[in-house]
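>>> Starting from these lines, generate the structure:
(one chain, ligands or ions: 1)
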Amino acid sequence: MNWWEGEFLRVRNNRLYLEGQPAEQLAEKYGTPLYVYSRKQLLRNLRSLREAFSPVPAGLEVRVAYAMKANPHRGILKTLLKGGCWIDAVSPGEVQTALKAGFSEEKIIFTGTSICQKDFEQVLQHPGVTVNIDAYEQIDLLEAARRRSRIRQPVRVSVRWNPGLGRGFCSQTVTAGDRSSDGSPIKFGVEDSRVLATFRRLQSLGFKLVGLHQHLGSGWTEEDFPVTVKAVDRMIKKAGELKKAGFELEFLDFGGGFGPRYKEEQRLFPLPEYAAYILDKVERAKLGLKAIVIEPGKHLAAEAGVLLVRVEYIKKSYGNLFACVNAGTFNTVPRPAIYEEAYHEIVNASQVNGGKKQKVTVAGHLCETGDVFGIERILPLPRCGHILAILMAGAYCHSMASRFNLREIPKEIVL
Ligand code: LLP
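Numbers count the residues shown, from 1 in each chain. Okay, here's the model as predicted:
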């Protein structure tokens, strides 16, 4: 069995099946390139997450707020709504889309960075939404938006702080700490020394302070565990300080970041240990919380999607072999073109195994050298007309795709 096989992806007669349907047949029926998502896989991922966070201590609720930036497809949102999820939204557009999919205002947490007053006004049209402030400097904008919106009910506000520690699979996806792994400054969250002042100012303006939030980054693996639990400690300590200052919080939101398996050799983030650590620390700290929140994006969605592309021809040049496919990374699976560290497994759906293995670069149809789905992968040489599946394409692929070169963003189907 291949490492990536499971209930969603199965090999039968040397061909790839997606939730029991031959990938080639789907490619034929709907055309390529094509995103194929699995409802069942989403729910399996949700279940494994909930299992990691169980048993939940009495009196506490674990809210799973799906980071919809990963993939806001309506079918995915509706599936996760049925699965009992909340939503982490980062723009007024995401708030609207979540509401349209059926999420209630009360189940949406809006976390914006570099926000303008109009953004807040649009969000406050839905006064049940919790607004997560990312800067002391946002308070005046929020207050101005509230005045203009003439809202009567108290607005629920939480504060995203930057605990001074962050982790991500590459420098662009570290979202806390003073600087990222490549030395660039980090724009997110309220710095430690200003958290209390932010709470006090919001309180003096009559906002209802309900939570403290942090998000360290995206794509954690096993080696990130020590830092992530250190950040949990810092969060609990900070919540204790706030409690002493008179702020009784409803929830602590630990953000997302848990990486699914992109590569065979990847050592997985120990989610059950992390969850147990959080639950234990929260229980002991006696903070009087009602809930803890987590905001997974890629953990839920990545594995639940693949992109199918067609091999048009095999090109040889200066001793290099290229499988040239009918899609461009920027328009479909842009992660390898953006992040040097991003990796997506490529499977020949028409002939999974067999044939002499060779070094093949899977190249897209855009005018950019970086437009390659995989560089020098050791694969049996595909043939013209074969369908390749780019795995882990359910998160941050369609949502980050552009129309670069005036190519279309492909169709999506949900099985
Ligand atoms: N919460 C907040 C406030 C976030 O900003 C993010 C992601 C998440 C939760 C979810 O993180 P996840 O569980 O998906 O790691 N484009 C990058 C990922 C950037 C994520 C940014 N924020 C990628 O393709 O890997």
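>>> Whatever residue of the stretch 51-200 of the chain ends up closest to the ligand: neighbour count?
Residue nearest to the ligand within the stretch 51-200 of the chain: residue 67 (3.4 Å; Cβ to the nearest ligand atom). Just so you know, the C-beta spots here come from the backbone N, C-alpha and C atoms, and that holds for glycine as well. Neighbourhood size, residue 67 [other Cβ atoms under 10 Å]: 29.
>>> So in terms of bridging, what pairs with it?
Taking DSSP bridges as the rule, residue 67 bridges to residue 88.
>>> ok, it touching residue 296?
Yes - applying Cβ atoms under 8 Å, one finds residue 67 in contact with residue 296, separated by 6.4 Å.
>>> joint contacts of the two?
residue 256 (Cβ atoms under 8 Å, 6 or more residues apart in numbering).
>>> Show me where the stretch 1-150 of the chain has its strands.
Along the stretch 1-150 of the chain, the segments classed as strands by DSSP state E, counting those that start in this stretch run 9-12, 15-18, 21-22, 34-37, 61-67, 86-89, 108-111, 130-133.
>>> What's the separation between residue 363 and the ligand?
21 Å (Cβ to the nearest ligand atom, to the nearest Å).
>>> returning to that earlier point: quick one: pLDDT of the residue of the stretch 51-200 of the chain closest to the ligand?
Residue-level confidence at residue 67 comes out at 98, pLDDT.
>>> try residue 102
Taking residue 102 on its own, its pLDDT is 98.
>>> how near is residue 147 to residue 357?
66 Å (Cβ to Cβ, to the nearest Å).
>>> Tell me who's in contact with residue 320.
359, 361.
>>> Mind doing that once more with 10 Å?
Contact criterion Cβ atoms under 10 Å, 6 or more residues apart in numbering gives 359, 360, 361, 363, 376 as the residues in contact with residue 320.
>>> residues contacting the closest residue to residue 133 other than its chain neighbours?
In space, residue 133 comes closest to residue 159 once its chain neighbours are excluded; the distance is 5.2 Å by Cβ to Cβ, 6 or more residues apart in numbering. Neighbouring residues of residue 159 by Cβ under 10 Å, 6+ apart: 131-136, 138-139, 189-190, 194-196, 198-199, 202, 209-214, 238, 242, 247, 249, 253.
>>> Can you tell me the strand partners of the longest strand belonging to the chain and which way each runs?
Using DSSP state E to define each element, the chain has its longest strand at strand 305-317. Using DSSP bridges, strand 305-317 pairs in its sheet with strand 34-37 (antiparallel), strand 320-325 (antiparallel), strand 387-390 (antiparallel).
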